[in-house]
Every structure is written in structure tokens, then in C-alpha cells.
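Participant: coordinates for the following, if possible.
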Amino acid sequence: MTRKPPTRTSARRTSLPPLDPLRYAPSAARPVRAKARLLEHDVDIQAHQHSWGQLVFSVSGAVRVNTAHATYLVPPARAVWIAPEIVHAVTAVERADLRTVYLHQAPADSALWLGCRVIEVTPLLRELVMQLAVSPEAAQEPSREACIASLVLDELRRANSLRLGVDLPQDKRLRRLCEAMLDEPQRHADLDGWAAEVGASARTVSRLFRDELGSSYAQWRSQVLLARALTLAARKMPMSLIAHELGYASASAFTAMVTRTVGMPPSRFFAAA
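Facilitator: Below you'll find the model as predicted:
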């Protein structure tokens, strides 16, 4: 079932429907299914939902998973869990070799699996999904698929959670501003520029950030930049280049922002995340 996308799709991008989800639908007999899809950097997968849970990650390239209440920008080795019935869309931030895992039931009976969360993809989980993500015509032997599915579920139960989500507002003006910042965080140097773009005053936008997201503009922007920095760090980009890419005058200024936001320097934060 397709609904109105929770995020704006730029005219510069190509919006595609999901690949026939029912073709890969999990069941009690086949509780874990997986598929592969290559997305170019200017492609979005239209908003949709399933009656089953889903795990999304990329083997290479970063993707952004958008829901009504948050967006998750994840590099390789990180995945987004999407609970059943949650409307979501996927954006390729760069060319991405995508893997999607469908689960008949959540990996564990826990509140952690009732919404969306970012988890670590271990090397074992990555290889298991790679083995499982074949076309229906080239399906595994039933006994082998059952073994792989059991190991996938066990790895998911053990997976570490990571705080990489960025909350999104419901107010239309602030939502438009936030989505624009996610696309181009350096387009304006300060809040005045962003506020003017959506036809509001900086004071009004500041109030909306507090009321809708419980944070200041600066705090929310820091979360966006941290998510973007993780994507750049996954490419082994030097800290000085990451700082420059994100609009900081120096690596030390970027380091100060990360330390102030998460309580540790970038080197430790990137290693921990």
C-alpha cells in the first residue's frame, strides 16, 4: 500500500516504486527473506509500508531512511530496523548497493523492535544477508535457507543499537526547512537564511524547534552534521576534509562541535558508532 511520502522528493531526483514486495514476502514457512537492489545517487524509493518488519542497509554507499517522525542517515555496516506498518521511504545519498531483509516476526519480544532503530551490522550478519539475498528463481535449498534465517535472527537479537536518528517535526514550515537542511546543510550560514526560505522569522522558527522537537536550531543542526560526518568517515575521509565538507573553518572547530554534542572527540565517536 502506497501513501503520501513522509518527505519531499526533489525535482532533481527519480522516484521509483518498491520492487514487488509480495514477491519477497516472509511467511511462517520462510520467516526471513532478503533482496538486493542497486540505487543510483539520484534515486528515491517511494514511501510505502508492509505488514512485516524490515531491515535496510547498504553494502556500499550511504542511504537515508525517512519516516513520518524521523530520518536515519546510515553508512555501510549500519542498518535501520523498520517495524511493521510504518510508512517509510529510502533515499540513496550516494550510489548504494542496497540489501533489504523482510522478517515474518520481530527478532525478539522487546519494545526495542516496536518502532525504528539503527543497529550495527556485524561481518557475520552482512555475509548471511548476502547469501540470502538471491532472486526467488535462485532460492536456497530449504534446509540451507532455514539455517541462514535462524542465524540472521540470532545476530539481530545480539545487535548493538546506535543513536543515529534525527527527529522530524510535524509543522509544515519547519518540516520543509528541516528537509532542505538534510539535503544541503551548508546552503545557509545561519537560521535567518533558513527562516527566510520558508517565509518565517528566525524567532518563529526557533520557537517551532523548541515546541516541535524539544531542541534548539543549533542542537538539531549538530545532529544532522554528525549523521553526515559518519557517512563521510565511512569513506575513510580525513578529519580535516570532513570538517571542510561540513562548512567548518578548521578541524579543531569541527572537533569542538562533536565533543560538545556527544561528549567525546570525533575519533572516539566514529569508532564507537
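Participant: do you know how far S60 is from P75?
Facilitator: 9 Å (Cβ to Cβ, to the nearest Å). Every C-beta, even on glycine, is put in place using the N, C-alpha and C of the backbone.
Participant: for S206, that is, sorry about that
Facilitator: According to Cβ to Cβ, S206 and P75 sit 31 Å apart.
Participant: who's more crowded, those two?
Facilitator: P75 (25 against 16; other Cβ atoms under 10 Å).
Participant: just the pLDDT for the more buried one.
Facilitator: Per-residue pLDDT puts P75 at 80.
Participant: what's the answer for Q140, then?
Facilitator: So Q140 comes in at 67 (pLDDT).
Participant: which of the three states applies to S252?
Facilitator: Classification of S252 by DSSP: H, G, I helix; E, B strand; the rest coil places it in helix.
Participant: from the centroid of the protein, which residue is nearest?
Facilitator: When Cα atoms, centre = their mean is applied to the chain, the residue found nearest the centroid is Y72 (2.8 Å).
Participant: what sits up against stretch 50-59?
Facilitator: 21, 25-26, 63, 65, 74-85, 88, 90, 96-106, 113, 119, 121, 126, 129-130, 156 (Cβ atoms under 8 Å, 6 or more residues apart in numbering).
Participant: just the buried residues of those residues.
Facilitator: 21, 26, 63, 65, 74-84, 88, 90, 96-104, 106, 113, 119, 121, 126, 129, 156 (16 or more other Cβ atoms under 10 Å).
Participant: helices along this protein, start to end?
Facilitator: 123-132, 142-158, 172-183, 191-197, 202-208, 217-234, 239-245, 251-262, 266-272 (DSSP state H).
Participant: and A92, how far is that from L38?
Facilitator: Distance, A92 to L38, by Cβ to Cβ: 9 Å.
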